[in-house]
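# no sequence on this one, just coordinates:
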């Protein structure tokens, strides 16, 4: 199924911005862009109708694919335009040493570029005109995207409270009873819980796991998410980590096995193996042998969709989980669809809701997803639209995406669909971080400032998108953290992940084998196989925008980057965290579209090539955990689009950053030799988050000068493990009107809070931990509370 409306919207959003209008006028290509914009607008008007009809008309599907190819090419061409403008800004800003910078960035002749761009956009417009003419053959109707009402709902957490779960009390008591029973034949028994996806197997296991009787009965409790990859060494590590006995990354298999046996010996334990798929006996027997060391009464709960898994692993009868009764389903739906008590005011909607629930066939995931979709929506027409939708008539098989989930996806606005698709790049049971995901979205231009939100940063728009997907139940087990800027960790249900993969299969792909077949149209790649082998599947790909190499790929040679990565000239995201190569190829400077570069936790890289400063479009540069990195390039100031910088270095100082006028977040970790920050940090008026941790030589306080304190935008300040920190620097007075979060942790010589701190008008959180020399708060400390 082709999803084209969002891509057309993206092109029109780009062309409508003031920046593009000004650039097109200055570069003399405004007429060409305006004509192209009109053509895209005409096509966009019928795309929603075409997308609905393509399932029954192969010709429409082919027509949509042709349009999408042209529009994706347009996005890349407009990206070229943007890069050229950004290059000119760098040259202009650094005019004081112009010859050097102009030479540094002299990659194109402006006149030649304008001529070439104008010719390409005209050619693209003609091609789109030809394709557009075919739409008359299909009898397509013009339609507008349905208006969206998205309300904030209550916050939930991964800890499941019994009061939040409806209809599973009997099931919980049955499982608890099985846990308390003595084992018949061995010290350890295995209880399988089986049911189709979306029934709530994991939720039931959590209810049991957190029950007070279970907590007091078992001396050791562990929870491991197994998923599709039943890798015994990985599972041993996860079990040890869950038992708070951290497994060393470099332990051999023999060492891991001994550690696990020692941990379980003479312990009555409970282990949850959640979401097991593998029914290969050899793999289970290898793990089972290690788990038999527990004392009598130890239990293992296995949740699975597959009867073959239950038969293989179970030592007692399988507990087959059934669907929720209709009454419980309706109660659950009302809980998610209405604000507390409001259902009584709308009996007409409750009646329609009962009819919707009947179509969900007792599946809690389907019920909560549709309830979330209709939350606080009192339009009876919208409720009937959901009830009477054609999608319910499709044949439903056990391993297919649920119609309720498909329907909820269909009702997402196009901007959220694009963001949701991107989540398919990560494996099942992946623990997401909201800020990481938001910055990836930002790198692809998926975050757009809508009318009424022009004063919001892209980071704030991204958080709004995240919360909208969360409110629709596309994300689950959401937990808030509040160190520095705050954020959320979360997961996606397996069935939601299946939906994301289905909807994005033509543009997102996870490569798990060197011989895997990848569609040439794919734009986003996640590599989870060894990078030491030839990856022939990458040879034919050209327009790749994302490459994320997983930790399991063990990337250790720059030759992989040179052979496969550098040929993707439109690449926007390059994730190489936990790699171990020593040198980043200097040709990285040719990747002018690159917005996101993650080199974090590479303990071998010692130096960055100076050419990295040619990446004038770069927004996020992650160097945290690069413990042997000698320093940052001196021309880092040329990265004027940089919004996030995380750095670990052995250097004693950092280069000046005065021209990083977009920098929003600066984190400095594990810099044992760092003596001082560059003075320009105090002038970064866009900086909202500053994190400094584990810099044992850093004092922060300098000789006072008479310079006027700059007005800052700093909201979040985290200072941690700074033995030489005595007091906050005076220049931080500039954030007294914006500072919301301040945490000072493990700074043994910190002895005084500044007198200006009680005058802050926005401070919401003040945390001071392990600072024994701090004897008192400022005289007006009561103002803080």
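On my side now, so go ahead. Remember, it's a predicted structure, so these values are computed and weren't measured experimentally.
# quick one: the helices in the stretch 51-200 of the chain?
Taking DSSP state H, counting those that start in this stretch to define them, one finds helices in the stretch 51-200 of the chain at 58-93, 98-104, 110-133, 169-180.
# show me what the helix or strand hosting residue 480 is packed up against.
Take DSSP states H and E as the rule and residue 480 turns out to sit in strand 476-481. Counting contacts by 3 or more Cβ pairs under 8 Å, 6 or more residues apart in numbering; DSSP states H and E, strand 476-481 is packed against strand 487-491. Where C-beta positions appear, they are placed from N, C-alpha and C, glycine not excepted.
# strand partners (parallel or antiparallel) of the strand it packs on?
Strand 487-491 pairs in its sheet with strand 432-433 (antiparallel), strand 476-481 (antiparallel), by DSSP bridges.
# those strands: which one's closest to residue 607?
When the strands paired with strand 487-491 are ranked by distance to residue 607, counting by Cβ to Cβ, first place goes to strand 432-433 at 28.3 Å.
# next structured bit after the closest one?
Stepping forward along the backbone from strand 432-433, the first helix or strand reached (DSSP H and E) is helix 434-443.
# rounded mean pLDDT for that following helix, please.
Mean pLDDT, computed over helix 434-443, is 96.
# likewise stretch 580-596?
94.
# what distance separates the start and the end of it?
As for stretch 580-596, its first-to-last residue distance stands at 19 Å under the measure Cα to Cα, to the nearest Å.
# chain center to it: distance?
If you compare the mean C-alpha spot of stretch 580-596 with that of the full chain, they lie 22 Å apart, counting by Cα atoms, centre = their mean, to the nearest Å.
# in that stretch, what counts as buried?
Along stretch 580-596, the positions that meet the burial threshold by neighbour count (16 or more other Cβ atoms under 10 Å) are 581, 584, 585, 588, 589, 591, 592, 593, 594, 595, 596.
# do the same with stretch 62-80
Neighbour counts over stretch 62-80 (16+ other Cβ under 10 Å) mark 63-64, 66-75, 77-80 as buried.
# closest to residue 321 out of the residues you listed?
Residue 321 has its nearest neighbour among those in residue 64, at 40.0 Å by Cβ to Cβ.
# that closest one reaches residue 53, doesn't it?
No - contact criterion Cβ atoms under 8 Å: residue 64 and residue 53 do not qualify, at 9.8 Å.
# ok so, going back, okay if I get the helices of the stretch 51-200 of the chain as TSV plus mean pLDDT and distance to residue 321?
Below are the helices of the stretch 51-200 of the chain laid out as TSV (pLDDT from 0 to 100; distance: least, Cβ to Cβ, whole Å):
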stretch	mean pLDDT	distance to residue 321
helix 58-93	84	38
helix 98-104	46	63
helix 110-133	80	50
helix 169-180	94	7
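# want to try TSV for those, with distance to residue 424 as columns?
Converted to TSV, those look like this (distance: least, Cβ to Cβ, whole Å):
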stretch	distance to residue 424
helix 58-93	17
helix 98-104	38
helix 110-133	27
helix 169-180	31
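# contacting residues for the closest residue in space to residue 438 that isn't next to it in sequence?
Computed as Cβ to Cβ, 6 or more residues apart in numbering, the closest residue to residue 438 that is not its neighbour in sequence is residue 462, at 3.3 Å. With contact set as Cβ atoms under 8 Å, 6 or more residues apart in numbering, residue 462 has these partners: 437, 438, 439, 441, 442, 447.
# please tell me how far residue 462 sits from residue 444.
Per Cβ to Cβ, to the nearest Å, residue 462 is found 11 Å from residue 444.
# given the helix or strand encompassing residue 223, what are its sheet partners and their directions?
Element membership for residue 223, per DSSP H and E: strand 220-227. Pairing partners of strand 220-227, with direction, according to DSSP bridges: strand 269-276 (parallel).
# buried residues, the strand it pairs with. List them.
Counting neighbours by 16+ other Cβ under 10 Å, the buried set in strand 269-276 is 269, 270, 271, 272, 273, 274, 275, 276.
# quick check: the farthest pair among those?
Using Cβ to Cβ, the pair of the buried residues of strand 269-276 lying farthest apart is 269 and 275, separated by 19.7 Å.
# spatially central residue for this structure, please.
Centroid-nearest residue in the chain, with Cα atoms, centre = their mean: residue 437, separated by 2.5 Å.
# from the buried residues of stretch 62-80, which is closest to residue 333?
Closest approach between the buried residues of stretch 62-80 and residue 333, by Cβ to Cβ: residue 64, at 34.3 Å.
# for that closest one, give me its contacts.
Listed by Cβ under 8 Å, 6+ apart, the contact set of residue 64 reads 2, 4, 47, 50, 51, 54.
# could you do residue 529 as well?
When contacts are counted by Cβ under 8 Å, 6+ apart, residue 529 is found next to 511, 512, 513, 514, 516, 535, 553.
# re the thing from before, the strand holding residue 480 to helix 434-443, inter-axis angle?
Using axes from the mean of the first three to the mean of the last three Cα atoms, to 10 degrees, the interaxial angle of strand 476-481 with respect to helix 434-443 works out to 100 degrees.
# list the buried residues of strand 476-481.
For strand 476-481, the buried set under the neighbour-count rule, 16+ other Cβ under 10 Å, comprises 476, 477, 478.
# please report the distance of the first one from residue 637.
Put plainly, it is residue 476. Here the distance between residue 476 and residue 637 works out to 43 Å (Cβ to Cβ).
# regarding residue 526, what is its secondary structure?
At residue 526, secondary structure determined by DSSP: H, G, I helix; E, B strand; the rest coil is strand.
# just to revisit the earlier point, out of the buried residues of strand 476-481, who's nearest residue 772?
In terms of Cβ to Cβ, no member of those lies closer to residue 772 than residue 478, at 36.1 Å.
# so where do the helices sit in the stretch 451-600 of the chain?
Taking DSSP H, counting those that start in this stretch, the helices of the stretch 451-600 of the chain run over residues 458-471, 494-503, 558-560.
# contacts for the last one, please.
Contacts to helix 558-560, defined as Cβ under 8 Å, 6+ apart, come from residues 531, 581, 582, 583, 584, 585.
# grab the nearest non-local neighbour of the third one.
Residue nearest to residue 582 in three dimensions, not counting chain neighbours: residue 604, with 4.9 Å by Cβ to Cβ, 6+ apart.
# pLDDT value on the one you found, please?
Looking at residue 604, its pLDDT is 94.
# mind listing what it touches?
With Cβ under 8 Å, 6+ apart as the criterion, the residues that contact residue 604 are 580, 581, 582, 628.
# related to what we said a few turns ago, closest to residue 715 among the contacts of helix 558-560?
Taking Cβ to Cβ as the measure, residue 715 sits nearest to residue 584 out of these, at 32.4 Å.
# ramachandran angles for the closest one?
Here the main-chain torsion angles of residue 584 (degrees, to the nearest 10) amount to phi -90, psi 120.
# give the burial count for residue 305, as a bare number.
Neighbouring residues of residue 305 were enumerated by other Cβ atoms under 10 Å; the total is 19.
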